[in-house]
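*Asks:* I'd like to go over a predicted model; first the sequence, then the structure.
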Amino acid sequence: MYLLFSWRYFKAKKSTNAINVIAWISTLAIAVGAAALVLILSVFNGFEHLVKTLYSSFYTDLKVIPATGKVLVLTPEMLQRIRGTAGVATFSCVAEEKAILQNADYQSTQVFLKGVDDTYSDITGIKDHLIRGHFDLGNVDTPFLVMGSGVEAALGVLSDRTVYPVTAYLPRRGAEAGPDPLQAISEGNITPVGTFAIQQDFDDKYVITNIGTVKSLLGFGPDEYSALELKTSQPENLPGVQQRLQTLLGKEAVVQTRYEQNQGLYRVMSIEKWFIFAVLILILSVAAFNMVGALTMLVLEKQKDIQVLKALGAQDSFIRKIFLGEGMVLAGLGTMLGVGCALILCWAQVRYKLIPLQGGSFVIDYYPVKVLPSDIAIVVGSIFIVASLASWYPARKASHEKVDLRS
């Protein structure tokens, strides 16, 4: 019943046009705030999805690393047990270490030299991101190198045209510093044959070769590795697969999901998203004070109606609900208008790429957007909480009106 009164008060012609004007200004302010919230969250979702897609081309579903130190011991029997674990599709053994790469002209750069086995291309999307050359890692006798585009630029080589190998310098395992520091360094020549471009974090740091070459340079034994990277056949049950592997490997190893491998990045992205959301809610709260003015003027406009309702037996709570409902009407119309406009703009951005990204150096040339129903629910809920708080004082004032019909 009180919502019927609220709707009639909203539609009814007021004695002063200013009340209507302020009410519509309040509605438009909420609409703009709702649209801004949905658009900002959708853009953050779009970038987050894009980054996760790019990172999934390099980082695997699960990764096993040593709990302490840099060496993970995995016997053939243990590898066989891992292969038979439910949910494990395939895996790649990895030997990785920081290295210095130097070209024939003595131009050098620091990289992560990553040695992988033949199944590596089955668990990552590196092959799909080659921009030059081909994906061939060679063998211990004839090692080949696939490098990130940033490393290629730092060395001043073109992987598909160079005729000279690059030299990799790595710390020799177990070597002690002596009179000659070079005794603690191992080196090997590797021929570049391909270049990948995924994301700057990878392109500027990583080069990939066969695992035998890296293990030889590091002095690893037959059962020693830096990590084990896995692809699962049950991505929907990733925690279950992770738990089974952790139980199998015990305390000597740590099993990480893709999120845990990049926990810092995902946490920063989430903090940025919700910090911006909080700022926009604060701005919306300030804009919602227009609603306080509109409802206060409406209370003054409807004083006689309030007194008549009270004379007919209406309780204070009923009067309060009428004007709280009036605030919900303003908020509801503004929210529907704002969210509707935001959804149309998001669709148009995806369909027609209305707003481009400047610079032309990113993997896409337009702002990505991704609308999540959960975000819309959070936006709608937040707006109605703000509207309820803004409506409370005018509604309370209306409920305390004295009954005086003599005038």
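*Replies:* Good, I have the coordinates. Worth saying up front: this structure is predicted, and the values here are computed from it rather than measured. Numbers count the residues shown, from 1 in each chain.

*Asks:* any idea which residue is closest to the centre of this protein?
*Replies:* Centroid-nearest residue in the chain, with Cα atoms, centre = their mean: residue 48, separated by 3.0 Å.

*Asks:* quick check, that one in contact with residue 273.
*Replies:* Yes: the pair residue 48 / residue 273 is scored as a contact, 7.5 Å apart, by Cβ atoms under 8 Å. Every C-beta, even on glycine, is put in place using the N, C-alpha and C of the backbone.

*Asks:* for the chain, which strand is longest?
*Replies:* strand 88-102 (DSSP state E).

*Asks:* can you tell me the closest non-neighbouring residue to residue 343?
*Replies:* Residue nearest to residue 343 in three dimensions, not counting chain neighbours: residue 371, with 6.6 Å by Cβ to Cβ, 6 or more residues apart in numbering.

*Asks:* state the pLDDT value of the residue nearest to residue 200 when sequence neighbours are not counted.
*Replies:* Here the nearest residue to residue 200 in space, its sequence neighbours aside, is residue 150; by Cβ to Cβ, 6+ apart that works out to 6.5 Å. Note on residue 150: pLDDT of 96.

*Asks:* contacting residues around residue 372?
*Replies:* Contacts for residue 372 (Cβ atoms under 8 Å, 6 or more residues apart in numbering) come out as 41-42, 45.

*Asks:* same question, residue 402
*Replies:* residue 307.

*Asks:* relative to residue 346, how far out is it?
*Replies:* Using Cβ to Cβ, to the nearest Å, residue 402 is found at 50 Å from residue 346.

*Asks:* still on that earlier bit, distance of the residue lying closest to the residue nearest to the centre of the chain once chain neighbours are set aside from residue 8?
*Replies:* With Cβ to Cβ, 6+ apart as the criterion, residue 48 has its nearest non-adjacent residue at 5.4 Å, and that residue is residue 269. Separation of residue 269 from residue 8 (Cβ to Cβ): 47 Å.

*Asks:* residues in contact with residue 96?
*Replies:* Counting by Cβ under 8 Å, 6+ apart, residue 96 touches 112-115, 214, 226-227.

*Asks:* inside helices: which ones of those?
*Replies:* Applying DSSP state H to these, the entries found in helices are residue 214.

*Asks:* now for the contacts of residue 96, which pair is the farthest apart?
*Replies:* Of all pairs drawn from those, the greatest distance, 13.4 Å, lies between 113 and 227 (Cβ to Cβ).

*Asks:* which one of these two is surrounded by more residues?
*Replies:* Remark: of residue 113 and residue 227, residue 113 carries more neighbours, 26 against 23, as counted by other Cβ atoms under 10 Å.

*Asks:* okay but the more buried one is in contact with residue 216, surely?
*Replies:* No: taking Cβ under 8 Å as the definition, residue 113 is not a contact partner of residue 216, at 11.9 Å.

*Asks:* about what we covered before: and the longest strand of the chain, what's its mean pLDDT?
*Replies:* Here strand 88-102 scores 97 as its mean pLDDT.

*Asks:* break the protein into its domains for me.
*Replies:* Here the domain parsing of the chain from automatic domain parsing is 2-55+266-399, 62-258.

*Asks:* how far out from the middle of the chain is the last one?
*Replies:* When you say that, I think you mean domain 62-258. 26 Å (Cα atoms, centre = their mean, to the nearest Å).

*Asks:* and if you look at the first one?
*Replies:* The gap between where domain 2-55+266-399 is centred and where its chain is centred comes out at 25 Å by Cα atoms, centre = their mean.

*Asks:* top helix in this structure by residue count?
*Replies:* The longest helix of the chain (DSSP H) is helix 17-56.

*Asks:* check which element follows it along the chain.
*Replies:* Next in sequence after helix 17-56, counting helices and strands by DSSP states H and E, comes strand 62-66.

*Asks:* if we can go back for a sec, can I get the longest strand of the chain in CSV, CA atoms only?
*Replies:* The C-alpha coordinates for strand 88-102 follow below in CSV (Å, rounded to 0.1, in the frame of the first residue of the first chain):
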residue,chain,number,x,y,z
VAL,A,88,46.4,-34.7,-14.5
ALA,A,89,46.4,-34.6,-18.4
THR,A,90,50.1,-34.1,-19.0
PHE,A,91,53.1,-32.3,-17.5
SER,A,92,56.5,-30.9,-18.4
CYS,A,93,59.7,-31.0,-16.4
VAL,A,94,61.5,-27.7,-16.1
ALA,A,95,65.0,-26.5,-15.3
GLU,A,96,65.3,-22.8,-14.9
GLU,A,97,67.8,-20.2,-13.7
LYS,A,98,68.8,-16.6,-14.2
ALA,A,99,71.4,-16.2,-16.9
ILE,A,100,73.3,-13.6,-18.9
LEU,A,101,72.9,-13.9,-22.7
GLN,A,102,75.6,-12.3,-24.9
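
*Asks:* before we move on, the earlier item: wasn't the residue nearest to residue 200 part of a strand?
*Replies:* No: Residue 150: not assigned to a strand; according to DSSP: H, G, I helix; E, B strand; the rest coil it is helix.

*Asks:* residues touching it, list them.
*Replies:* By Cβ under 8 Å, 6+ apart, the neighbours of residue 150 are 200, 203-205.

*Asks:* now do the buried residues in the helix or strand harbouring residue 345.
*Replies:* In the assignment (DSSP H and E), residue 345 maps to helix 316-352. Applying a neighbour-count criterion of 16 or more other Cβ atoms under 10 Å, one finds 319-335, 337-339, 341-343, 345-346, 349-350 buried in helix 316-352.

*Asks:* what number of residues lie near the closest residue to residue 198 other than its chain neighbours?
*Replies:* Excluding its sequence neighbours, the residue lying closest to residue 198 (Cβ to Cβ, 6+ apart) is residue 129, at 4.8 Å. Close neighbours of residue 129, defined as other Cβ under 10 Å, add up to 21.
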